[in-house]
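Novice: give me a model of this one.
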Amino acid sequence: MTVISVDLSNAPYDIHVRAGLLADAGRYLEPYAREGRLLVVTDEHVAHFVLPKFEAALRDVGVACAAFTLPAGEAGKSWSQLERLTDWLLEHHIERNDHIIALGGGVVGDITGFAAHIVKRGCAFVQIPTTLLAQVDSSVGGKTAINSAAGKNLVGAFHQPAMVLIDPDLLETLPTRQLAAGFAEVVKYGVIDDAGFFKYCEDNLDRFFAGDPDIRAEAIIRAVQSKARIVAADETERTGTRALLNLGHTFGHALEADTGFSDRLFHGEAVAAGIALALRYSVRLGICEANEAHRVSRLLKQAGLPTTLSEAGVTADGATLVDYMRHDKKMSAGTLPFLLARGIGETFLSKDVSLDDVATFLDREAQS
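Specialist: Numbers count the residues shown, from 1 in each chain. Down below sits the predicted model:
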């Protein structure tokens with residue numbers, strides 16, 4: 001068992017990582033049960049593949065659960081689903097001291113955390129992420145949100161979980177495409193500030209996708225340690241440190257908007273293309289060597305991820321994509337900060353990027 005502490009002054013919590021942890025989940029969650037029951041939020045896919053095992057783990061300690069099932073995918077992160085979820089929680093007499101269990105991927109964790117933040121003016125929740133992307137990214141750090149007509153994650157709040165339980169064995173239930181989408185977020189930590197970890201991802205790519213349990217566990221642990229360190233330094237993204245975690249996301253969210261926030265382009269796939277674009281844009285600005293950008297794109301491609309607009313299925317012109325970016329949460333006084341890189345492991349926040357130049361760059365990308 002590896003335990004990673006997120007050292008926040010007002011709400012510290014632990015992340016537990018161990019293969020087979022789901023079978024022991026009852027031991028960790030039994031203290032949170034009220035009158036022998038827990039409320040669980042999941043989605044259609046997880047309800048089929050994972051929920052029965054989770055219910056069995058709870059029964060082992062004499063705890064029952066009531067489950068709320070969301071549609072799978074980004075459709076589960078909407079106003080209408082938030083209304084359904086909060087009504088369900090109230091119908092089940094949720095109390096402020098209760099802990100809601102988020103059993104699923106990033107969508108489940110995001111909407112469950114947001115519902116926990118607003119229902120009864122705030123109750124607690126526990127993350128049990130079932131996808132690689134959720135295990136290494138969205139389950140850690142307390143960002144919760146839903147999507148709106150204006151864009152992705154524009155309605156939300158910071159609400160830290162009480163605990164995170166990560167079982168790498170759950171990755172065995174994932175299709176290869178979803179595993180690859182999560183791998184983009186793993187690679188991101190290496191590109192941000194850990195060139196050694198990027199090299200680890202390069203050296204162990206084949207073993208990771210072949211299912212090597214030690215390689216997968218090590219990649220998850222190192223990614224989570226990186227995120228926990230950054231989150232602890234800047235919990236609510238005020239100093240610019242936590243903004244580094246958004247590498248690839250400014251470009252990526254625009255790509256998701258163009259593809260309708262749908263399964264046409266998974267979030268992790270959009271982030272992969274966004275990371276590649278950010279590195280190539282850094283080359284355009286003369287601050288990054290082309291071979292560094294190529295090395296990042298090569299690893300992402302080897303993982304089966306898109307690194308260009310055409311590979312991501314995006315047909316919009318540069319002006320349209322930049323218009324999507326103008327809805328970004330980070331927009332301030334007409335300026336949008338961008339994550340750029342001087343090389344692998346040398347990402348930084350730039351506040352003087354010209355959106356007109358970004359549009360020109362994207363038009364040239366579309367023609368290449």
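Novice: for the rest of this, base every contact and every neighbour count on C-alpha atoms.
Specialist: OK.
Novice: where does this protein have low pLDDT?
Specialist: Scanning the chain for pLDDT under 70 picks out the ranges 333-334.
Novice: pull the contacting residues for the most centrally placed residue in it.
Specialist: In the chain, the residue lying closest to the centroid (CA atoms, centre = their mean) is residue 138, at 3.3 Å. With contacts defined as CA atoms under 8 Å, 6 or more residues apart in numbering, the neighbours of residue 138 are 106, 109, 110.
Novice: can you list the buried residues in stretch 40-54?
Specialist: Buried residues in stretch 40-54, defined by neighbour count with 16 or more other CA atoms under 10 Å: 40, 41, 42, 43, 44, 45, 46, 47, 50, 51, 54.
Novice: for this structure, longest helix please?
Specialist: When the chain is parsed with DSSP state H, its longest helix is helix 213-233.
Novice: gap between the helix or strand hosting residue 271 and the chain center?
Specialist: Using DSSP states H and E, residue 271 maps to helix 267-284. In terms of CA atoms, centre = their mean, to the nearest Å, the gap separating the centre of helix 267-284 from the centre of its chain is 16 Å.
Novice: how about the strands in the stretch 1-150 of the chain?
Specialist: Here the stretch 1-150 of the chain has its strands, by DSSP state E, counting those that start in this stretch, at 2-6, 13-17, 37-43, 64-70, 99-104, 124-129, 143-148.
Novice: and of these, who's closest to residue 337?
Specialist: Closest approach to residue 337 among the strands of the stretch 1-150 of the chain is made by strand 143-148 (18.8 Å; CA to CA).
Novice: which elements pack onto the closest one?
Specialist: helix 79-91, helix 106-118, strand 151-158 (3 or more CA pairs under 8 Å, 6 or more residues apart in numbering; DSSP states H and E).
Novice: what's the angle between that strand and helix 79-91?
Specialist: Between strand 143-148 and helix 79-91, the angle comes out at 130 degrees (axes from the mean of the first three to the mean of the last three CA atoms, to 10 degrees).
Novice: put the alpha carbons of strand 143-148 into PDB.
Specialist: Listed next in PDB are the C-alpha coordinates belonging to strand 143-148 (Å, rounded to 0.1, in the frame of the first residue of the first chain):
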ATOM      1  CA  LYS A 143     -11.800  20.600  -8.700                       C
ATOM      2  CA  THR A 144     -15.500  19.800  -9.200                       C
ATOM      3  CA  ALA A 145     -17.800  21.000 -12.000                       C
ATOM      4  CA  ILE A 146     -20.400  20.500 -14.600                       C
ATOM      5  CA  ASN A 147     -20.500  21.600 -18.200                       C
ATOM      6  CA  SER A 148     -22.700  24.300 -19.600                       C
END
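Novice: angle of that strand against helix 106-118?
Specialist: Angle between the axes of strand 143-148 and helix 106-118 is 100 degrees (criterion: the same axes, to 10 degrees).
Novice: between strand 143-148 and strand 151-158, how many degrees?
Specialist: Taking the same axes, to 10 degrees, one finds that strand 143-148 is oriented at 140 degrees with respect to strand 151-158.
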